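Participant: Build me a model:
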Amino acid sequence: MSTSSPTPNEVVKLDLSAGSVHTTLVDGQPHIVLKPVVESLGLSYPAQSRKLKSRSWAVVAQTATTGADGKTYEMDVVPVRTFLMLLATVNEARVAEHVRPTLVAFQNETADAIEAYWTEGGAINPAATDDQLDALEQKIEERRIRRALGLVQLIAAMDDSVDSKWKRSRQLHHYAEAAGEVAAIAPEDRALLVEVYLKDKGLSDAERRSVRSPLGRKLALAYEMQHGEKPKDSIGLVDGRERQVKSYTEADRPMFDKVWDEFYADRYPAQQRLGEAS
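Facilitator: This is a model prediction of the structure:
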């Protein structure tokens, strides 16, 4: 089986206790770049490639990847399961003695390292030295700072449809994040999401999904009646994803409470919620 990816994929080198593997994502799934790892075992890449393509259990994809030189290359990649099956067919006696520790490391550590990197955000070589761990920590810190400052610039580029108070509070937050501090944001400028308000009320996930849209429409109407204009947009975390939401702040909480008391308090009484929580 062969597939192709329309854009170059990033290749990530993962170091194991002996040797390393080059991995990339194809359709959201981690794959191993085949040629470097086969050659590191002293095996013939053309022979191993032909063998894989003749096996019913093997899945071999060809995808565009970005090499260390910044150029784009078409490379054969295989999912983790296929790679481990390939390793199982390699006879230790057929590889040179000096590369046998590499074969064992591939067999024992590859799946754990790849899963940790692509699902948990990183994989650490258990044999890493203190200097290597210090260098890794520095890289993580530098990336965190770049990300925070990048978000500041991204927010600044948003158009006027996004609430200016929300933009200012988020920029302060990310500036403080870059400096390793906690932003001092005035209460009236702190974002208040419908989702957060419903969590404060103790509603379950299913109840929040049922209530938030109709409550949101009522709040938008109440805001327009109170301020003479519709609420502007912002970005908020809903069900674990960033989505476009209406912009409110803690200064609007009394309005939230008024709408809640009028339309929902009887359906979700506080004493009932407290009883469920106890």
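
Participant: Can you list the residue ranges for strands in this protein?
Facilitator: 9-10, 12-15, 20-26, 29-33, 61-66, 72-79, 233-238, 241-246 (DSSP state E).

Participant: out of these, which comes closest to residue 50?
Facilitator: strand 72-79 (11.1 Å; C-beta to C-beta). Bear in mind the C-beta positions are built from the backbone N, C-alpha and C, glycine included.

Participant: Partner strands of the closest one and their direction?
Facilitator: Sheet partners assigned to strand 72-79 using DSSP bridges are listed as strand 29-33 (antiparallel), strand 61-66 (antiparallel).

Participant: Could you identify which of these is most buried?
Facilitator: Mean neighbour count (mean count of other C-beta atoms under 10 Å) peaks for strand 29-33 among those, with a mean of 21.

Participant: so that one versus strand 20-26, what angle?
Facilitator: 140 degrees (axes from the mean of the first three to the mean of the last three C-alpha atoms, to 10 degrees).

Participant: Confirm for me that residue 215 is in contact with residue 255.
Facilitator: No - counting by C-beta atoms under 8 Å, residue 215 does not reach residue 255; the two are 11.7 Å apart.

Participant: Least reliable of the strands paired with strand 72-79 by average pLDDT, please.
Facilitator: Ranked by mean pLDDT, the strands paired with strand 72-79 bottom out at strand 61-66, with a mean of 80.

Participant: Of the strands paired with strand 72-79, which is nearest residue 130?
Facilitator: Closest among those, using C-beta to C-beta: strand 29-33, at 28.6 Å.

Participant: Pull the closest one out as PDB, backbone CA atoms only.
Facilitator: Extracted in PDB, the C-alpha atoms of strand 29-33 (Å, rounded to 0.1, in the frame of the first residue of the first chain):
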ATOM      1  CA  GLN A  29      -0.400   8.900  13.000                       C
ATOM      2  CA  PRO A  30       3.300   8.400  13.900                       C
ATOM      3  CA  HIS A  31       5.500   6.700  11.200                       C
ATOM      4  CA  ILE A  32       9.100   5.700  11.100                       C
ATOM      5  CA  VAL A  33      11.300   6.900   8.200                       C
END
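
Participant: List the contacts of it.
Facilitator: 11, 21-25, 61, 63, 65, 75-80, 83, 110, 114-115, 117-118 (C-beta atoms under 8 Å, 6 or more residues apart in numbering).

Participant: and that strand, how far from the chain's centre?
Facilitator: 17 Å (C-alpha atoms, centre = their mean, to the nearest Å).

Participant: Could you chop this structure up by domain?
Facilitator: Domain ranges of the chain: 9-125, 132-178, 188-277, per automatic domain parsing.

Participant: weakest of those domains in terms of mean pLDDT?
Facilitator: Among the domains of the chain, domain 132-178 carries the lowest mean pLDDT (a mean of 71).

Participant: who's in contact with the residue of the chain most remote from its centre?
Facilitator: Within the chain, residue 93 marks the point farthest from the mean C-alpha position, 41.5 Å out by C-alpha atoms, centre = their mean. By C-beta under 8 Å, 6+ apart, no residues touch residue 93.

Participant: before we move on, what about residue 74?
Facilitator: 4, 62-65.

Participant: returning to what we had before: can you flag the buried ones in the contacts of strand 29-33?
Facilitator: With neighbours counted using 16 or more other C-beta atoms under 10 Å, the contacts of strand 29-33 contain these buried positions: 11, 21-25, 61, 63, 65, 75-80, 83, 110, 114, 117-118.
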